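Chemist: this one's sequence-less:
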C-alpha cells in the first residue's frame with residue numbers, strides 16, 4: 001500500500017472529476033516547491049496556502065518528495081496541517097518550517113484531506129496554492145503562484161503541450177517534469193514559432209520524483225519569438241489501459257519562464273490533449289466485416305430506397321477489447337449520404353453501447369469512403385446512461401451489384417462518458 005498511495009488517490013480523484021480544472025478538491029499536487037540559493041546572494045523559498053471551504057475543521061496531510069532521486073511515498077502523513085472552518089492557513093518558507101530542511105532543496109508536494117488517510121468526513125475538500133519566490137531584492141519579493149495540477153495528468157493517451165515559452169535575451173526558461181509513478185521516460189520537443197524543431201530528446205524522471213532542466217541544458221540557445229513544448233510519455237512506460245488499474249503511470253510538466261531583467265517568473269502548465277478522466281474515456285478502434293443490402297420497406301419513406309444498408313464487423317476498442325459492431329442505415333438513392341443510422345457496439349461481457357449516426361460519401365467506387373458522425377444514446381449494462389460523440393470513417397469495397405455483400409472497414413474515435 002505504501003508505494004502506491006499517490007497513483008491510487010490520483011486515479012480515484014480523476015475518475016470523479018470533470019474535464020475542466022478542479023482546484024477545490026480533496027487532493028492537490030504542487031509540481032515544484034523549493035528552498036534554494038538564487039543569483040547574487042538571493043534566496044528562493046516556497047509558501048503554501050490552504051483554504052478550508054467546509055463548515056468544520058479539517059486536517060490536510062502534506063507529503064514532500066525530493067527531486068532527482070527515487071522516492072517511496074507512504075500513506076502515513078507525519079506532517080498534518082489543521083485548518084479551521086472557513087479559515088485560511090499559510091505555511092511560510094515551507095521546507096525549513098514544516099520539515100526542518102535547510103540548504104538547497106527542491107521537490108514536489110502532495111496534499112490530501114481524504115479519509116481514511118486523514119480523520120475528515122467524506123466529501124471534505126480544500127483549496128491550496130504554492131508560491132515560489134525570491135526574497136533577495138531590495139524592492140521586495142518576486143516569484144510565481146502555482147495551483148494544483150491534478151487535472152493535467154498525462155497517462156500516455158496523447159501529447160501534452162505548453163505555449164507562451166520564451167528563451168532569448170529577455171527571458172530564460174526551465175522545463176520541469178514530475179513522475180507520480182515508477183520511474184519513467186518523457187520525450188520532449190521544443191518548437192519555434194514557425195513549427196520547426198529547435199531541440200528534442202528524452203528525459204528520465206525518477207520514481208515519485210521531479211527534475212528540472214534549463215533550456216540551455218536541453219540544447220536550446222537564444223531563439224527569437226515564442227516557443228512551444230510538446231511532451232509525451234514513452235510508450236514502453238505507459239499503462240496499457242489506465243482506467244482498468246488503480247495506479248497508472250502518469251506525469252506532469254511545466255515551464256518556468258523568468259524575466260532576465262526583473263527576475264520575475266511565470267509558471268506555464270502542460271495540458272494534455274486527452275485528459276485522464278475515465279468517465280470521459282478516449283474511445284478508438286478499428287473494425288472489419290461485411291456490408292449487406294437486403295430489400296426492405298424501412299427506408300422508402302425516408303430516402304425512397306427499397307433496401308436498407310446493414311453491416312456486421314469485429315474489432316478491438318480501447319478500454320473494451322474485442323468488440324462487435326453492427327450498423328443499419330438508409331442510403332440516399334444516389335449513395336451520397338446515409339441517414340437514420342443506428343450502431344451497436346457489443347463488448348465481451350455482452351454489454352452494449354448504442355449510438356445514432358449520419359454519414360456522407362467523400363469518395364466514390366471502387367473504394368467508397370464515408371465520413372460518419374455518431375451520437376452515443378445509452379445502452380445496456382455499464383453503458384445504460386452512456387453519452388458521447390464519435391467520429392468515424394467507413395471504407396467499403398465495391399464488388400458489383402450482383403454481389404450481396406461487400407467488405408467494409410471502420411476507423412472510429414471520440415469520447416464516451418459512462
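Modeler: That came through, no problem. In this text the structure is predicted, and so the values were computed from the model without any measurement. Numbers count the residues shown, from 1 in each chain.

Chemist: from here on, contacts and neighbour counts on C-alpha atoms
Modeler: Noted.

Chemist: what about the most centrally placed residue in the chain, which helix or strand?
Modeler: For the chain, the residue nearest the mean C-alpha position is residue 275 (2.4 Å; Cα atoms, centre = their mean). Applying DSSP states H and E as the criterion places residue 275 outside every helix and strand.

Chemist: where does residue 242 fall, phi/psi-wise?
Modeler: When read as degrees, to the nearest 10, the backbone of residue 242 gives phi -60, psi -30.

Chemist: mind checking the SS state of the closest residue to it other than its chain neighbours?
Modeler: Setting aside the residues directly before and after it, residue 242 is nearest to residue 248 in space (Cα to Cα, 6 or more residues apart in numbering), at 5.1 Å. Secondary structure, DSSP: H, G, I helix; E, B strand; the rest coil: residue 248 is coil.

Chemist: Go ahead and confirm residue 248 touches residue 239.
Modeler: Yes. Assessed by Cα atoms under 8 Å, residue 248 is found in contact with residue 239 at 5.6 Å.

Chemist: which residues of the stretch 51-200 of the chain fall in strands?
Modeler: 58-66, 80-83, 88-91, 105-112, 126-134, 142-147, 160-167, 171-179, 184-191, 197-205 (DSSP state E, counting those that start in this stretch).

Chemist: Of all the ones you listed, which one is nearest residue 364?
Modeler: Closest to residue 364 of the strands of the stretch 51-200 of the chain, according to Cα to Cα: strand 160-167, at 37.5 Å.

Chemist: Counting neighbours, which bits of the closest one end up buried?
Modeler: The neighbour-count check on strand 160-167 (16 or more other Cα atoms under 10 Å) flags 160, 161, 162, 163, 165, 166, 167 as buried.

Chemist: how about those residues in CSV, adding pLDDT and distance to residue 307?
Modeler: As requested, the buried residues of strand 160-167 are exported to CSV (pLDDT from 0 to 100; distance: Cα to Cα, whole Å):
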residue, pLDDT, distance to residue 307
160, 90, 47
161, 92, 48
162, 94, 52
163, 94, 52
165, 96, 58
166, 97, 61
167, 97, 63
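
Chemist: how many other residues sit next to residue 78?
Modeler: Number of residues near residue 78 (other Cα atoms under 10 Å) recorded here: 11.

Chemist: where do the helices sit along this protein?
Modeler: Per DSSP state H, the chain carries helices over the ranges 5-14, 94-99.

Chemist: before we move on, the earlier item: turn the strands of the stretch 51-200 of the chain into a markdown table, including distance to residue 408.
Modeler: Shown next, in a markdown table, are the strands of the stretch 51-200 of the chain (distance: least, Cα to Cα, whole Å):
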| stretch | distance to residue 408 |
| --- | --- |
| strand 58-66 | 53 |
| strand 80-83 | 60 |
| strand 88-91 | 61 |
| strand 105-112 | 50 |
| strand 126-134 | 52 |
| strand 142-147 | 49 |
| strand 160-167 | 34 |
| strand 171-179 | 43 |
| strand 184-191 | 37 |
| strand 197-205 | 39 |
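
Chemist: Among those, which one carries the weakest average confidence?
Modeler: Confidence, taken as mean pLDDT, is least for strand 142-147 of the strands of the stretch 51-200 of the chain (a mean of 76).

Chemist: neighbouring contacts of that one?
Modeler: 23, 30, 128-135, 263-267 (Cα atoms under 8 Å, 6 or more residues apart in numbering).

Chemist: Please repeat the previous calculation with a cut-off of 10 Å.
Modeler: For strand 142-147, contacts defined as Cα atoms under 10 Å, 6 or more residues apart in numbering pick out 23, 28-33, 44-48, 127-136, 256-258, 262-269.

Chemist: How about stretch 89-99?
Modeler: Applying Cα under 10 Å, 6+ apart, the external contacts of stretch 89-99 come out as 33-35, 44-52, 62-64, 78-83, 100-103, 105-107, 128-133.
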